[in-house]
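> fold the following for me, if possible:
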Amino acid sequence: MRRKFSSNFFENALVVIGMLCMVLFLRYSDNVSPEGSHSPRTSEVAVEEKTRPFSGSSEDSVGEERMRPSSSPADAAGEEKTHPSSGSAAKILVIETTDIHGYLVDISWGDPDRFQYRLARIAQDVEDARASGEYDDVLLLDGGDIYQGTPVSNMTQGASMRAALDAMDYDAVALGNHEFDWDVTAYGADEDATLPPYEIGEFKGDPDIPVLACDLYDAGSGKRVSFTKDYVMLEKAGRQIAVIGYIPNYRGSIMREKIAPYTIKGSLEKLDARVREVNAKEQPDATVVLAHEEPWPVAEAMDPEQVDLVLGGHSHQIAADVADNGIPYLQGRCYSQGYASAVLVIDSEGNVSVEDIKYTDITEEREALYDNEENEEHLDDTIMDISYTAWSAVWEDMNEVLGYIDTPVLSKYEQGTSSGGNWITGLMLRATRSWGTQIAFYNAGGIRSNFKIPRGETKRPITIYDVYTIAPFGNTLLVYDLTGKELAQQLVNGLKNGNYGDQMTGLTFTYTATGDDNMDRRDREYTILSITLDDGTEVNLTDKKKTYRVCTTDYSATLSRSVFEGKEPLYPESEAPVDHEAFVEALREEAAENDGYITVDTRTRATEAR
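Predicted coordinates:
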């Protein structure tokens with residue numbers, strides 16, 4: 001019998017969350033699942049059988065499951081991959097999740113009856129596949145960015161997610177860029193190059209799940225780091241499957257101090273060479289590349305004689321297709337909204353084909369993810385218990401209602417800033433106003449949720465949980481002085497690359513741009529024509545003397561070639577407020593001043609002169 005929350009627990013909880021339980025609202029992520037049918041949506045692509053003739057008589061590779069490979073390269077690095085004959089055909093289901101970002105359970109409704117137990121649903125689908133008899137085995141992988149994003153993960157330091165992945169018996173995971181947000185060697189991977197230990201409630205363990213990244217090096221010694229594996233050999237249905245991990249040079253999306261000890265040699269040419277080395281040495285029956293990167297360019301760069309399937313991540317997109325060179329590729333979206341899958345078929349002659357590649361959306365019928373008797377057989381008991389434990393650990397703090405809004409807070413924008421960007425940067429100004437800040441900058445990619453007004457309602461409550469979901473990263477708020485010329489350059493940097501801070505409050509500006517809107521923003525050239533502060537002050541764009549006080553995050557400030565590079569903040573970073581903590585206090589203050597009302601600024605901050 002599945003363990004439920006106790007009634008006493010909810011009697012106490014409802015005192016805090018009563019307001020939320022009366023309001024039906026749904027948080028929309030950057031990728032909104034469509035409403036629709038009564039079964040999970042699947043995006044399917046037919047894949048022609050891709051076979052390679054058996055080209056040798058070498059014996060099956062012998063080794064332990066999840067065996068750590070030798071660090072020495074194979075002698076015959078350029079040798080073609082061969083597929084040893086192994087008797088009868090094997091049919092292996094490959095399932096990939098990616099960019100889960102802490103979505104063990106989506107609790108954004110506030111009402112426990114409407115919590116979406118997403119990972120429990122995926123876990124049950126995996127178990128059903130394992131027990132179905134339709135497949136000889138199941139290969140379960142994740143493309144990285146497992147932890148950072150929700151309070152049930154963040155406030156347990158990812159322990160809830162490691163417990164869940166361990167219970168689901170994942171075979172391997174890629175190392176995502178957000179694994180560096182905390183201490184990567186404490187929470188992302190341990191010295192055995194597996195997921196670190198966890199303890200949450202009654203759940204305690206040390207997972208034997210390999211963490212893969214073949215191109216991560218120690219910046220000092222130049223050697224491969226010890227906490228990730230290049231690849232792992234997995235025995236599935238009596239066949240040896242090589243899974244090789246790859247990460248792109250995503251250091252620009254990681255806080256500088258977190259990535260400084262490491263070098264990423266994210267070259268697809270080097271990945272291709274490493275694949276050939278692994279295949280020549282291990283002679284696997286099939287080879288899979290697991291990348292925290294969009295899968296299509298990785299697949300296109302690989303040799304179809306060397307790679308059977310590419311699994312991707314990082315971009316939060318759905319992918320289930322075949323590259324021009326014939327290599328199938330998959331990507332399982334994000335936030336535990338679904339998973340990608342394919343069937344790997346290895347025949348008795350060692351020929352490999354990939355069939356039935358698709359994406360399964362589990363959120364189309366959200367009611368099927370609720371914890372009730374009707375759904376019980378579709379939600380894995382162990383993952384449900386882990387979900388209960390994680391929620392119990394954070395619920396009391398998370399459900400405090402700070403105030404209410406009557407205008408949506410949205411992260412999407414077409415030009416200039418969004419209402420979400422205005423909202424967050426406005427909170428930054430309020431949080432640092434004792435320092436006299438006039439302007440604030442934030443990166444759009446750091447705004448991780450939307451707050452819409454429920455249909456039929458005129459307002460929506462804002463809780464501490466909401467603050468932690470829209471700004472989950474725990475960046476610190478730093479204050480600097482910039483000249484007019486530096487301010488203009490900061491705006492150009494943000495237009496070309498949002499990580500520098502393309503969301504802002506405290507000013508409006510006009511600009512021109514070369515090319516058109518269909519071009520990559522980084523390939524366009526921008527000229528700032530005017531900057532006007534909210535108090536009406538016109539900024540001299542070439543002035544190098546007069547300064548303006550600006551708030552930004554440590555993430556944006558420490559990016560290479562930032563205008564803040566080499567500058568000292570007005571107060572030490574060690575004393576700087578953490579964004580979501582400061583936002584909670586700022587919202588409490590604003591709501592107290594306005595009888596619970598929280599303002600949402602919808603002004604456009606940037607205007608392109610046509």
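
> domains of this structure?
Taking automatic domain parsing as the reference, the chain has its domains at 7-391, 400-608.

> average pLDDT for the first one?
Over the span of domain 7-391, the pLDDT mean works out to 83.

> repeat that for the last one.
Across domain 400-608, the average pLDDT comes to 93.

> tell me what the residue nearest to residue 435 when sequence neighbours are not counted is bridged to.
In this structure, residue 435 finds its nearest non-sequential neighbour in residue 479, 4.8 Å apart by C-beta to C-beta, 6 or more residues apart in numbering. Any C-beta I mention is one placed from the backbone N, CA and C, and that applies to glycine too. Assessed by DSSP bridges, residue 479 has beta-bridge partners residue 551.

> any idea how far residue 479 lies from residue 586?
Computed as C-beta to C-beta, to the nearest Å, the residue 479 to residue 586 distance reads 15 Å.

> more neighbours: the two, which one.
residue 586 (22 against 19; other C-beta atoms under 10 Å).

> dump the residue contacts of the closest residue in space to residue 475 that isn't next to it in sequence.
Once flanking residues are discounted, residue 475 sits nearest to residue 553: 3.9 Å by C-beta to C-beta, 6+ apart. By C-beta atoms under 8 Å, 6 or more residues apart in numbering, residue 553 lies in contact with 442, 443, 446, 475, 476, 477, 478, 501, 579.

> inside helices: which ones of those?
residue 579 (DSSP state H).

> closest one to residue 242 out of the contacts of residue 553, please.
Distances from residue 242 to those, taken as C-beta to C-beta, are shortest for residue 446 (36.1 Å).

> can you tell me the closest non-neighbouring residue to that closest one?
Sequence neighbours aside, residue 473 is the residue nearest to residue 446 in space, at 6.0 Å (criterion: C-beta to C-beta, 6+ apart).

> what's opposite residue 328 in the beta bridge?
Where residue 328 sits in a bridge, its partners, by DSSP bridges, are residue 322.

> then the one 4 residues further on?
When assigned by DSSP bridges, residue 332 has beta-bridge partners residue 318.

> from what I can see residue 93 touches residue 341, true?
Yes. Between residue 93 and residue 341 there is a contact under C-beta atoms under 8 Å: 6.3 Å.

> give me the element the residue nearest in space to the middle of the chain is part of.
Geometric centre of the chain, nearest residue: residue 99, 3.6 Å, by C-alpha atoms, centre = their mean. In the assignment (DSSP states H and E), residue 99 maps to no helix and no strand.

> kindly report the same for the one 3 residues further on.
Following DSSP H and E, one finds residue 102 outside all helices and strands.

> what is the burial count for residue 585?
So residue 585, with other C-beta under 10 Å, has 14 neighbours.

> list the contacts of the closest residue in space to it that isn't next to it in sequence.
Excluding the flanking residues, the one nearest residue 585 by C-beta to C-beta, 6+ apart is residue 431, at 7.0 Å. Residue 431 sits next to 477, 551, 577, 582, 583, 585, 586 when contact means C-beta under 8 Å, 6+ apart.

> just these now: which is nearest residue 140?
Closest approach between the contacts of residue 431 and residue 140, by C-beta to C-beta: residue 583, at 36.7 Å.

> ok, the closest one touching residue 425?
No. Using C-beta under 8 Å as the test, residue 583 is too far from residue 425 to be in contact (10.8 Å).

> how many residues are close by residue 237?
Neighbour count for residue 237, taken as other C-beta under 10 Å: 19.

> residues contacting it?
Neighbouring residues of residue 237 by C-beta under 8 Å, 6+ apart: 90, 91, 92, 136, 137, 346.

> go with 6 Å
90, 92, 136, 137 (C-beta atoms under 6 Å, 6 or more residues apart in numbering).

> secondary structure added to those residues, as CSV?
Formatted as CSV, the contacts of residue 237 follow (DSSP: H, G, I helix; E, B strand; the rest coil):
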residue, secondary structure
90, strand
92, strand
136, coil
137, strand
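
> hmm, back to that, can you tell me how far the residue nearest to the centre of the chain sits from residue 131?
According to C-beta to C-beta, residue 99 and residue 131 sit 27 Å apart.

> buried residues, the lengthiest helix in the chain. List them.
For the chain, the helix with the greatest residue count under DSSP H is helix 381-398. In terms of neighbour count (16 or more other C-beta atoms under 10 Å), helix 381-398 has its buried residues at 381-395, 398.

> still on that earlier bit, right, and the residue nearest to residue 435 touches residue 551 too?
Yes. Using C-beta atoms under 6 Å, residue 479 is in contact with residue 551, at 5.2 Å.

> for the stretch 101-250 of the chain, just list every one of the helices.
Under the criterion DSSP state H, counting those that start in this stretch, the stretch 101-250 of the chain contains helices at 118-131, 151-154, 159-168.

> the stretch 351-500 of the chain too?
381-398, 419-431, 464-470, 484-496.

> mind checking which helix or strand residue 287 is in?
With secondary structure defined by DSSP H and E, residue 287 is part of strand 286-291.

> what's the answer for residue 607, then?
Counting by DSSP H and E, residue 607 is found in strand 606-608.

> off-centre distance for that strand?
How far strand 606-608 lies from its chain's middle: 30 Å, per C-alpha atoms, centre = their mean, to the nearest Å.

> same thing with stretch 218-228?
The chain centre lies 24 Å from the centre of stretch 218-228; the measure is C-alpha atoms, centre = their mean.

> can you check stretch 240-259 too?
Centroid displacement of stretch 240-259 relative to its chain, using C-alpha atoms, centre = their mean, is 13 Å.

> need the contact partners of it.
The contact list for stretch 240-259, computed with C-beta under 6 Å, 6+ apart, reads 61, 172, 174-175, 177, 180, 212-214, 231-234, 264, 266, 271, 275, 278, 282, 284-293, 555, 558.
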